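Asks: got a predicted structure plus its sequence, pasted below:
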Number of protein chains: 2
Amino acid sequence: MTSDFPDLKHQLQNKINQKTKPLGALGRLEMLALQIGLVFETLTPEIHNPTILIFAADHGIAQSGVSAYPQSVTAQMVLNFLNGGAAINVFARQHHLSLKIIDAGVNADLSNYDDLRHEKIGFGTQNFLDVPAMTLFDCEKALITGGTIVRQQHKVGCNCIGFGEMGIGNTASAAVLMHLFTKIPLDKCVGRGTGLNDEQLEHKRNSLQSAVEKYPTLKTPHEILATFGGFEIAMMAGAYLEAAELKMLILVDGFVCGAALLVAQQFNPHVLDYCVFSHVGSEHGHRALLNHFQANPPNPPSKRGAFSPPFEKGGREGFALLDLELRLGEGSGIALAYPLIQSAILFLNEMATFEEAGVDKA
Amino acid sequence: MTSDFPDLKHQLQNKINQKTKPLGALGRLEMLALQIGLVFETLTPEIHNPTILIFAADHGIAQSGVSAYPQSVTAQMVLNFLNGGAAINVFARQHHLSLKIIDAGVNADLSNYDDLRHEKIGFGTQNFLDVPAMTLFDCEKALITGGTIVRQQHKVGCNCIGFGEMGIGNTASAAVLMHLFTKIPLDKCVGRGTGLNDEQLEHKRNSLQSAVEKYPTLKTPHEILATFGGFEIAMMAGAYLEAAELKMLILVDGFVCGAALLVAQQFNPHVLDYCVFSHVGSEHGHRALLNHFQANPPNPPSKRGAFSPPFEKGGREGFALLDLELRLGEGSGIALAYPLIQSAILFLNEMATFEEAGVDKA
């Protein structure tokens, strides 16, 4: 994307530099404004109908003691979302973000709830300690469904979308996907999820190590996703791909959403150009995952020069906006970071230039 | 403050823990909600008439080549504020924050501008390379004026206030104040301000070192502030003190505002209990200044345990909300972080409990 618009990039940077502030003084917000302008291919970007989709599903692996909460919580939290009582409801209301809940595969009959979008692939995945989580057919179906839902949102005028997830056990699934796609050692990918203690964490690590060893011949991203993924993760992967295809601005939440993006990246690396990373959370593997995406979380002070130009690193132009030790999921990091996206757009569109304001330059 | 309300603190933490999320999963937002509840002495905090005051003034030291911009920019930016074209105008509009601009001592006749609050102590300070920046009388006058302005805002129903500044040369003044009050070596306090190159930075460091050596017998905070401060810095110091006295929630912007808070801290250490640090910026000394306040900026990963309880550090319960390499001043960091303050309040007041939502616990 970026390389297709060298002139636009130059014009955007020039527009940013004309604003009444010292060069670069809005820091990462300036990089964000540049990215948004490039995604929307305009000097005057605007967001319309910003939407968060929450994909919910259950995981067979949850039966093997890898989560601090029982599987029943997935369905209960879906009802909490529908009733407006969860954190994501609060933050989405605060910032006027549309919120849609999708049953991608919850292990409960939720067919009576009209406000829920019914795309259930199954009543939870299989336990991948025994058999692959899902069939290749169901995996493909989930990928396609995710894309379809995004396309429908785009049709009703949405150009900025974020994905959240709910699924007891899904950090286990995400950790294995991260390990297999990034080659980062498994123990650097496995974390405490909703709150495992040391002993439970050790059990989770050992279980996932056995699971990885059980399937030594997996090759394609489809095979890996079907074996270790979740219905919500597969659906999100399809959703990321379609959103990038439609040139939407994509907001990325935490660890599980990052793992789904990693899956999408296997199919189309350019999906990352459309992504804004909302936060680095406290789930163990998240910072390493962001580093893999070259979505630099805030640098430690020793590595940060006050005047390093945004893009000199030679890597991707991304970064995580917040670093608040969140580990909730639900798309909550997206909603919390959303005002910064708007701020980047607003300063680009509304701030006076040195010339307009009659302010002397350096 | 905190120690006066052991029961309230316990009740607030209990309320936070009952919300439908894993314990601690909202990270630093939970610490923020606790602090806000303690500041307002309630389980159901609300913000009314949130306001940013921008104090503008000029600095004699600006004549000695310590800034990348000419002194004329201070007055020009004040007019930009009044016309709504600066970054802070954009962000304050975005979040419905009242914005008031105060002429604390700009080196220009601005008496014709009705929207400006006229509290000019003088046409800029003296150059402290030659003589003290201001008299003790003017210093006291500025402190009192800052307090008066805050008291008037409080009277019209404002319970949450933030301060911003505009003053070419004021990072020089702030750096010396930081050095003298914290004993941190001067070169760790001096930064590039609006954009000095290496050579100019060296000149700024050397100039400020000479200035410090010129006044070896300064003792009281008043003397130090009068010698090296600015009218806007002194006015902000008085404003912080009064806001704490009135038990308002105080939002702290970047490096210069931090130096003003440091002055206030000399007069009343408890002022910090009311302060939320909006961001860590890229001005050289800012991170060290926040560390001095024990307002921990985001920890490097090696020092961060996923489940470290918020207050085990034994220090102050503060932290900086954003880390976006901002270095603009104007209160811009406050405005950008403000939605997170609201999010903390909203989750505390609006999220369902496990019991209300019928969600199983861990």
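Replies: Good, I have the coordinates. Since the structure is predicted, the reported quantities are computational estimates derived from the model, not experimental observations.

Asks: could you use CA atoms for every contact and neighbour count after this?
Replies: OK.

Asks: can I see the domain layout of chain A?
Replies: A:5-43+A:348-357, A:51-343 (automatic domain parsing).

Asks: let's have these in TSV, adding mean neighbour count and mean pLDDT.
Replies: As requested, those are arranged in TSV below (neighbours: other C-alpha atoms under 10 Å in any protein chain shown; pLDDT from 0 to 100):
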stretch	mean neighbour count	mean pLDDT
domain A:5-43+A:348-357	20	95
domain A:51-343	21	92
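
Asks: so which of those is nearest B:Gly37?
Replies: With distances scored as C-alpha to C-alpha, the stretch of these nearest to B:Gly37 is domain A:51-343 (17.9 Å).

Asks: before we move on, the earlier item: need the domains of chain A in a markdown table (columns: distance to B:His154).
Replies: Compiled in a markdown table, these are given as follows (distance: least, C-alpha to C-alpha, whole Å):
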| stretch | distance to B:His154 |
| --- | --- |
| domain A:5-43+A:348-357 | 30 |
| domain A:51-343 | 25 |
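
Asks: what segments of the stretch 251-362 of chain A are helices?
Replies: A:255-267, A:286-292, A:332-350, A:354-357 (DSSP state H, counting those that start in this stretch).

Asks: quick one: the domains of chain A as JSON lines, columns for distance to chain B too.
Replies: Below are the domains of chain A laid out as JSON lines (distance: least, C-alpha to the nearest C-alpha, whole Å):
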{"stretch": "domain A:5-43+A:348-357", "distance to chain B": "5"}
{"stretch": "domain A:51-343", "distance to chain B": "4"}
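
Asks: of all those domains, which one comes closest to B:Tyr274?
Replies: In terms of C-alpha to C-alpha, the element of these nearest to B:Tyr274 is domain A:51-343, at 19.8 Å.

Asks: show the end-to-end separation of that closest one, please.
Replies: 17 Å (C-alpha to C-alpha, to the nearest Å).

Asks: please save the CA atoms from the helix or strand harbouring A:Val73 in PDB.
Replies: Per DSSP states H and E, A:Val73 falls inside helix A:72-83. Extracted in PDB, the C-alpha atoms of helix A:72-83 (Å, rounded to 0.1, in the frame of the first residue of the first chain):
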ATOM      1  CA  SER A  72     -19.700 -21.900  31.200                       C
ATOM      2  CA  VAL A  73     -18.300 -18.400  31.400                       C
ATOM      3  CA  THR A  74     -18.100 -18.000  27.600                       C
ATOM      4  CA  ALA A  75     -21.900 -18.200  27.200                       C
ATOM      5  CA  GLN A  76     -22.500 -16.200  30.400                       C
ATOM      6  CA  MET A  77     -20.300 -13.400  29.100                       C
ATOM      7  CA  VAL A  78     -22.000 -13.400  25.700                       C
ATOM      8  CA  LEU A  79     -25.300 -12.700  27.600                       C
ATOM      9  CA  ASN A  80     -23.400 -10.100  29.600                       C
ATOM     10  CA  PHE A  81     -22.400  -8.400  26.300                       C
ATOM     11  CA  LEU A  82     -26.000  -8.600  25.000                       C
ATOM     12  CA  ASN A  83     -27.200  -7.000  28.300                       C
END
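
Asks: contacts for that helix?
Replies: Applying C-alpha atoms under 8 Å, 6 or more residues apart in numbering or on different chains, the external contacts of helix A:72-83 come out as A:56-58, A:86, A:88-89, A:101, A:106-108, A:110, A:115-116, A:166-168, B:352, B:357-360.

Asks: one step back: between the domains of chain A, which one is nearest to B:Gln18?
Replies: Smallest distance to B:Gln18 across these (C-alpha to C-alpha): 11.9 Å, for domain A:51-343.

Asks: how far out from the middle of the chain is the closest one?
Replies: For domain A:51-343, the separation from the chain centroid amounts to 6 Å (computed by C-alpha atoms, centre = their mean, to the nearest Å).

Asks: who's in contact with A:Gly84?
Replies: Taking C-alpha under 8 Å, 6+ apart, we find A:Gly84 in contact with A:Val90.

Asks: how much space between it and A:Leu336?
Replies: In terms of C-alpha to C-alpha, A:Gly84 sits 17 Å off from A:Leu336.

Asks: ditto for A:Ala243
Replies: To A:Leu336, A:Ala243 is 21 Å away according to C-alpha to C-alpha.

Asks: now swap in A:Lys361 and tell me
Replies: Counting by C-alpha to C-alpha, the gap from A:Lys361 to A:Leu336 is 35 Å.

Asks: where along the stretch 51-200 of chain A do the strands fall?
Replies: Taking DSSP state E, counting those that start in this stretch as the test, the strands found in the stretch 51-200 of chain A are A:51-57, A:98-105, A:117-118, A:160-166.

Asks: for the first one, packing partners?
Replies: When you say that, I think you mean strand A:51-57. Under the contact definition 3 or more C-alpha pairs under 8 Å, 6 or more residues apart in numbering or on different chains; DSSP states H and E, strand A:51-57 sits against helix A:72-83, strand A:98-105, strand A:160-166, helix A:231-245.

Asks: just send these back as a markdown table, with distance to A:Gln63 too.
Replies: Rendered in a markdown table, the data for the helices and strands packed on strand A:51-57 read as follows (distance: least, C-alpha to C-alpha, whole Å):
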| stretch | distance to A:Gln63 |
| --- | --- |
| helix A:72-83 | 11 |
| strand A:98-105 | 16 |
| strand A:160-166 | 16 |
| helix A:231-245 | 16 |
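
Asks: which one of these lies nearest to B:Gln71?
Replies: Closest among the helices and strands packed on strand A:51-57, once you apply C-alpha to C-alpha, is strand A:160-166, at 42.0 Å.
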